[in-house]
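Trainee: A structural model of the following input is requested.
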Amino acid sequence: MSSGSGKNAGLTPEAVARLVEGRQQFLSFLEKRIHSKAAAEDILQAAFVRGLQKGGSVRDEESVVAWFYRVLRNAIIDYYRRRGSAERASAQLIGHLRTHQEPDETFKGEICRCVTALLDNVKPEYRDAIQTVDLNDGSLADLAGRAGITTNNAAVRVHRAREALRKQVVTACGICAAHGCIECDCKPKGESGFR
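Mentor: You can find the predicted model right below:
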């Protein structure tokens, strides 16, 4: 097999025919390692596409099968890496949801009163982000729609707003903030204590 006009010239028709002939063996190879027929099919299809695009460096039809098995092995490794990352993130979220408890309404009101007073000290767009997402239980999509920005930009804005508010809480509340405002003795706005 000739390599064509360059490394990324793709596979020759003969090499493609060899890969198509071996489709069932490739699928069986994947299914034994993935344990999901649907995932194995997806990986095989993606590998075929990659082979068609990047297989130009394969020199002959005999080595195309060995090369394609290397592509499949790498795809399996990538699959388990992605799956492992997703499972770790899911486990972390599930753990958080199991241990996270919403404060009762009276305590939430106290927190909101303190935080609301400090919101006057942050940028208006940060104030809106905190009010929309955190205080009014809105979504990032709600904030994005209100502000005319993308959902990703809304997430960044909320992160920056929370950081700005955290700095305000630390400045205003000092040691109380360091202990999570458990027994807050900050004075409401209008009384001495807020800056």
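Trainee: Please parse the chain into its domains.
Mentor: Recorded structural domains for the chain (assignment: automatic domain parsing) are 13-99, 105-178.
Trainee: what would those domains look like in a markdown table with mean neighbour count?
Mentor: Where C-beta positions appear, they are placed from N, C-alpha and C, glycine not excepted. A markdown table is the format used below for the domains of the chain (neighbours: other CB atoms under 10 Å):
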| stretch | mean neighbour count |
| --- | --- |
| domain 13-99 | 14 |
| domain 105-178 | 16 |
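Trainee: As JSON lines, those with mean pLDDT would be great.
Mentor: Below are the domains of the chain laid out as JSON lines (pLDDT from 0 to 100):
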{"stretch": "domain 13-99", "mean pLDDT": "81"}
{"stretch": "domain 105-178", "mean pLDDT": "79"}
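Trainee: Look up the closest residue to residue 26, ignoring the ones flanking it.
Mentor: Leaving aside its sequence neighbours, residue 26 sits nearest to residue 44 (CB to CB, 6 or more residues apart in numbering; 5.8 Å).
Trainee: Residues touching the helix or strand harbouring that neighbour, excluding its own?
Mentor: Using DSSP states H and E, residue 44 falls within helix 37-54. Under the contact criterion CB atoms under 8 Å, 6 or more residues apart in numbering, helix 37-54 has outside partners 7-8, 10-11, 16, 19, 23, 26-27, 30-31, 34, 68, 71-72, 75-76, 79.
Trainee: Filter these down to the ones in helices?
Mentor: When DSSP state H is applied, the contacts of helix 37-54 are split such that 16, 19, 23, 26-27, 30-31, 34, 68, 71-72, 75-76, 79 fall in helices.
Trainee: Out of those residues, flag the one nearest to residue 140.
Mentor: residue 79 (28.9 Å; CB to CB).
Trainee: I'd like the distance from the residue nearest to the closest one when sequence neighbours are not counted to residue 141, if you could.
Mentor: Excluding its sequence neighbours, the residue lying closest to residue 79 (CB to CB, 6+ apart) is residue 43, at 6.1 Å. From residue 43 across to residue 141, the span is 32 Å (CB to CB, to the nearest Å).
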